[in-house]
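Q: A predicted structure for the sequence below; I have some questions about it.
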Amino acid sequence: MRLRFAGLVLAVGAVLVVSPGMRAQTAPPSGAASAKGVPRTPDGKPDLSGIWYARGRPGDLGYRRFMADDPPLQPEALKLFQYNREGVTDPSESGLDERDPSNFCYPVGATRIYTIPRPVEIRQLPGLTLLLSEWDHTVRRIYTDGREHPDGFPLVWEGHSIGKWDGDTFVVDTTSLRPETWVDAIGTPHSDALHIVERFRRVDRDTLEIDVLFEDPKAYTKPWGGKKVFEWKPDWEILGHANCEDHLQMGKPRASSPY
């Protein structure tokens, strides 16, 4: 499945690059640009809007994970991590397909999306920033209207996210995440106590950096994390994708239609 998926990604990338009919130029952002070409919104904040794709290749050590070393896991979480990677010796390789929650049609969660070779679109709106992933049409809402995390908020796949600006850095705080997901593509588990802090920074016109910090006393012995770097893809557009389409292509029955 991994070889087929990698081939699909390369093919899609080639079509996006060479096919004029599939191009969709990102609209020019409002406001003046900074010295490094970073566009700004009318209120002077860096404009993060656009389609972004993770720099590197899936075979690189840092592509599917957030740091080169394995995460600092509590004993029970370590057992689950080892189970997810049973027999996998290459640290750059993903966790086992047959133990991957996404292969059971679960959403991938808030941060694993950064370790999958699919583009992500950011839309920066008044009071709300949206992260729209090509993978399974995932929508993540980051509230920027000043609200706090509500008490008793249910556990959900993307969590509850609130964002604010620290200078030119967009800081996102996320809680209330369901524990069934992996935080990355190598099989790192987490509990319902997971707390994520992300720092988005557009360092120049074409480059977005996201620093991610994971805190989870049930699953990790200490906070840990890493950085992901993305490239702006102004000529790309988000394609359709269904989380379980691979299962359909492997010969499982398709839903019937009278049309």
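A: That came through fine.
Q: report the helix or strand with the lowest average pLDDT across the chain.
A: One helix or strand of the chain scores below all others by mean pLDDT, DSSP states H and E: helix 2-18, with a mean of 40.
Q: parallel or antiparallel, list what pairs with the following helix or strand past that helix.
A: Using DSSP states H and E, the helix or strand that directly follows helix 2-18 along the chain is strand 50-54. Paired strands of strand 50-54, with direction, are strand 120-125 (antiparallel), strand 224-232 (antiparallel) (DSSP bridges).
Q: ok now strand 50-54, how far from the chain's centre?
A: 10 Å (C-alpha atoms, centre = their mean, to the nearest Å).
Q: quick one: the helices in the stretch 51-200 of the chain?
A: Using DSSP state H, counting those that start in this stretch, the helices assigned to the stretch 51-200 of the chain run over residues 75-84.
Q: which residues in it form strands?
A: Remark: strands assigned in the stretch 51-200 of the chain by DSSP state E, counting those that start in this stretch are 120-125, 128-133, 139-143, 160-166, 169-175, 195-204.
Q: pLDDT of the last one, averaged?
A: So that's strand 195-204. In this model, strand 195-204 has a mean pLDDT of 98.
Q: now do stretch 40-53
A: Here the average pLDDT along stretch 40-53 is 96.
Q: cool, and stretch 145-164?
A: 97.
Q: flag the shaky bits of the stretch 1-150 of the chain, pLDDT-wise.
A: 1-35 (pLDDT under 70).
Q: at 90 instead, please
A: For the stretch 1-150 of the chain, the stretches flagged by pLDDT under 90 are 1-36, 57-59, 102-105, 135-138.
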